[in-house]
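Chemist: Any chance you can model this:
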Amino acid sequence: MFDTGVFDRGVRETVCCLADGESDVGLVELMTDLHRSEAVVAERKLAVIAELFVRRTTEVESDGAWTSTAHEVVEAEIGAALTMGRAAAGRLIGLGMSLRTRLHATREAMARGDLDLYRVRLIEDATANVSDDRIGEVEHQLLEQVLAPPRSGGTGLTGRRLTNAANRIIARLDPAGVRAKREKAQADRFVGVCAAEDGMCRILGSIPAVRGRAFDARLRELANTVCPKDLRTYEQRRADGLSALIDGAGFVHCECGRVDCGQDSRLATTARKPLVHLIMLDATLAGGDEPAYLDGYGIVDAAHAREIAADAEVEPVRAPSSVLPTTYRPGAVLDTWMRVLAGGCEWLHCDVAAWNTDLDHHRPFDHSDPATGGPTVAGNMTAFCRNHHRLKHSGHWAVTADGGIELVAPTGHRYRPRSSGLVGVGSDHAAGSDHAAVAARRRTRAQNRAARIRAERRRRQAHLDAVRHRRATPNRSSGTGAPDEPAPF
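Modeler: The predicted model follows:
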């Protein structure tokens, strides 16, 4: 029933062909082949695990009584055979059964080597709460976006971009289910502090996405209040920023040790809220179901986006002027436009938030004669995080922008990244059509406010209708608590 024929397809022979004289191109190609073969082997292993679980389930049920469940029995067998604990074995059982019973197309893609184990886990996690009657359509639409496009240099989705694509599809097909799931997750929010080794503690928690982004932004601000001579790493300064928050301080004390430290001139008030960017369409703000995009987090459902926008300053996104600027740094309109379209760092599979990136010129800006080269316009700029910005300028990688961004590796292999933002996530739209789509949805601040009011009235009316329906239903169980009334807005 289960063949191990993957080795007949050349894995053993491929490994044996590795030689000291292999070219760089050959090494990359070999690495790619082995990665695909690894996925094929992993699919077979998960299929075997699922078969074992099904057999043990049948045996346990036929016994009529038992002291251990089938899951526990198989956990023990897997753990002994593969040298792993119960938790790791249980995860393999769950993933194997998901591929066997729900994610049939994902399993087929993995068996072909088109999806590795990491991405299959992401797909399973993202679709875990999708109902059986919707999973087929969700999986079909998701794989159309996740798998590499059939074109030269096409790359698949992974990490946060894959999760965003899944969340967008699920939010469109089952908005009510997404909202119920989110409300439960918010009810389960927590923060825990536990002891760690070497006199340290670990902090673990789960809070609403927008508050998490605000917390991250505040730590980033505090980490940058020291002077440039401070020798601590950025991560160390962020940790010290948390201590500053606990102490009620508005800055991290500089440790440069200099008498003439310039920290005082760098301190800024922290009375305001940290800046968090949520990108949404007018149709969403007016009550539609199109998901929105929270910078640094990803896709949020439409109802959640409207809740965030209710307390936010809403600004329309304007298309930049067609007049060529002669300045090196982009103006506010172009800066916002580029980050909205990018959605994050535009390097391959990078999830750094858009407003934490640098806007880099493809063709270098000519400081001596700005009118002749490297204009500061959308077609000549890309959002890269600081790490990938440096990598691009190291000379090892080349970036071209004719007909879309293309990255050229040191070996000559060419890759086309895929956008992760609101407009481009999961799609390969041309830049021109993206620009037109955003520009067509601009409205005034007054119109935005009116749309929010209409949406909130509709939501409250639906709640009142539900309350009246429950009161009119006979044989309703009565309680002693307060009546089920809407919140006093």
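Chemist: Helices along the stretch 251-400 of the chain, start to end?
Modeler: 282-285, 302-310, 332-342, 386-393 (DSSP state H, counting those that start in this stretch).
Chemist: Residue 379: which of these is closest?
Modeler: helix 332-342 (10.4 Å; Cβ to Cβ). Placement of C-beta: from N, CA and C, glycine included.
Chemist: pull the CA atoms of that closest one into CSV?
Modeler: Provided in CSV are the C-alpha atoms of helix 332-342 (Å, rounded to 0.1, in the frame of the first residue of the first chain):
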residue,chain,number,x,y,z
ALA,A,332,4.4,62.2,2.5
VAL,A,333,2.0,61.2,-0.3
LEU,A,334,4.5,59.1,-2.2
ASP,A,335,5.8,57.6,1.0
THR,A,336,2.4,56.4,2.1
TRP,A,337,1.4,55.2,-1.4
MET,A,338,4.5,53.0,-1.7
ARG,A,339,4.1,51.4,1.7
VAL,A,340,0.4,50.8,1.1
LEU,A,341,1.1,49.0,-2.2
ALA,A,342,4.1,47.1,-0.8
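Chemist: Let the chain start at 18 from now.
Modeler: With 18 as the first residue, the last one maps to helix 349-359.
Chemist: Residue 436: which of the helices of the stretch 268-417 of the chain is closest?
Modeler: Nearest of these (Cβ to Cβ): helix 349-359, 6.6 Å.
Chemist: Show me what that closest one packs onto, helices and strands only.
Modeler: strand 375-378, strand 398-401, helix 448-456 (3 or more Cβ pairs under 8 Å, 6 or more residues apart in numbering; DSSP states H and E).
Chemist: before we move on, the earlier item: reformat the helices of the stretch 268-417 of the chain as a markdown table; add mean neighbour count.
Modeler: Output for those, formatted as a markdown table (neighbours: other Cβ atoms under 10 Å):
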| stretch | mean neighbour count |
| --- | --- |
| helix 299-302 | 20 |
| helix 319-327 | 20 |
| helix 349-359 | 19 |
| helix 403-410 | 16 |
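Chemist: For residue 333, which of the ones you listed is the nearest?
Modeler: helix 299-302 (8.7 Å).
Chemist: What's the mean pLDDT across the closest one?
Modeler: On average, the pLDDT along helix 299-302 is 90.
Chemist: For it, name the packing helices and strands.
Modeler: Right, helix 299-302 is packed against helix 319-327, helix 462-489 by 3+ Cβ pairs under 8 Å, 6+ apart.
Chemist: mean pLDDT lowest for which of the ones you listed?
Modeler: helix 462-489 (a mean of 57).
Chemist: As CSV, the helices of the stretch 268-417 of the chain with distance to residue 369 would be great.
Modeler: Listed next are the helices of the stretch 268-417 of the chain as CSV, based on distance: least, Cβ to Cβ, whole Å:
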stretch, distance to residue 369
helix 299-302, 25
helix 319-327, 21
helix 349-359, 10
helix 403-410, 8
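Chemist: So which of those helices is nearest residue 140?
Modeler: Comparing those by Cβ to Cβ, helix 319-327 comes nearest, at 22.2 Å.
Chemist: what's the following helix or strand after the strand or helix carrying residue 200?
Modeler: Element membership for residue 200 (DSSP states H and E) is helix 192-204. For helix 192-204, the following helix or strand on the C-terminal side (DSSP H and E) is strand 207-212.
Chemist: and that following strand, which strands flank it?
Modeler: Counting by DSSP bridges, the strands paired with strand 207-212 are strand 218-223 (antiparallel).
Chemist: which helices and strands does the following helix or strand past the partner strand pack with?
Modeler: Per DSSP H and E, strand 218-223 leads on to helix 226-240 as the next helix or strand towards the C-terminus. The contact analysis (3+ Cβ pairs under 8 Å, 6+ apart) places helix 226-240 against helix 251-264, strand 309-311.
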